[in-house]
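Enquirer: Predicted model, plus sequence, below.
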Amino acid sequence: MQSLVGIWKLVEARAFDDAGHEVPSPLGPEPMGGIFVEAERIMVIVGDGRVTLPPDAPKRAFLAYSGPYTFDGTEYVCHPDSGSNPEMFADQIRRVRFESPTRIMVHPLSRLLERGAGLEFVLEWVG
């Protein structure tokens with residue numbers, strides 16, 4: 001089984017509607033974030049990375065959570081003991097697919113960014 005231990009940088013965030021069509025990401029066109037994973041604990045931080053927003057732009061998205069987790073090779077489940085908002089204190093369940101030893105696709109299975117399914121995050125290992 002491949003390990004998640006290390007530091008992963010968010011390089012892409014995509015969103016899809018119920019029909020599977022791509023829609024604008026809640027993290028904007030320039031998402032930023034990372035996942036910091038130790039043997040027993042994970043911390044996730046993602047947000048809209050744009051420096052400036054147009055006056056009519058929706059509120060900037062941001063979330064963070066951390067806590068103990070389990071990983072079975074395809075799914076991690078975090079039991080947060082800290083979070084950026086009350087929604088983050090529910091178990092955070094993510095399907096993980098390794099595209100290579102240094103690149104993963106993460107699909108939230110639990111509610112995230114006011115959405116259910118339909119989000120996809122691409123992360124690259126940096127250390």
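Expert: All right, it came through fine. Numbers count the residues shown, from 1 in each chain.

Enquirer: show me what contacts Thr74?
Expert: By CB atoms under 8 Å, 6 or more residues apart in numbering, the contact list for Thr74 reads 95-97. C-beta: built from backbone N, CA, C; applies to glycine.

Enquirer: Let's have those in CSV, adding secondary structure and distance to Phe62.
Expert: Formatted as CSV, the contacts of Thr74 follow (DSSP: H, G, I helix; E, B strand; the rest coil; distance: CB to CB, whole Å):
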residue, secondary structure, distance to Phe62
Arg95, strand, 23
Val96, strand, 22
Arg97, strand, 25
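
Enquirer: among the residues you listed, which ones are buried?
Expert: Among the contacts of Thr74, those classed as buried by 16 or more other CB atoms under 10 Å are Val96.

Enquirer: Pick the one among the contacts of Thr74 closest to Gly33.
Expert: Val96 (15.4 Å; CB to CB).

Enquirer: list the helices and strands the helix or strand of the chain with the lowest mean pLDDT packs on?
Expert: When each helix and strand of the chain is scored by mean pLDDT, DSSP states H and E, strand 22-23 comes last, with a mean of 88. When contacts are defined as 3 or more CB pairs under 8 Å, 6 or more residues apart in numbering; DSSP states H and E, strand 22-23 packs onto strand 6-16.

Enquirer: Pull up the pairing partners for the strand it packs on, direction included.
Expert: strand 22-23 (antiparallel), strand 31-37 (antiparallel), strand 119-125 (antiparallel) (DSSP bridges).

Enquirer: what's the closest of those strands to Met88?
Expert: strand 31-37 (13.6 Å).

Enquirer: Same question for the closest one: list its buried residues.
Expert: Buried, per 16+ other CB under 10 Å, within strand 31-37: 31-33, 35, 37.

Enquirer: per-residue confidence averaged over the helix or strand immediately after that strand in the chain?
Expert: With elements assigned by DSSP states H and E, the helix or strand that comes after strand 31-37 is strand 41-48. Averaging pLDDT along strand 41-48 gives 95.

Enquirer: which stretches of this protein have low pLDDT?
Expert: 114-117 (pLDDT under 70).
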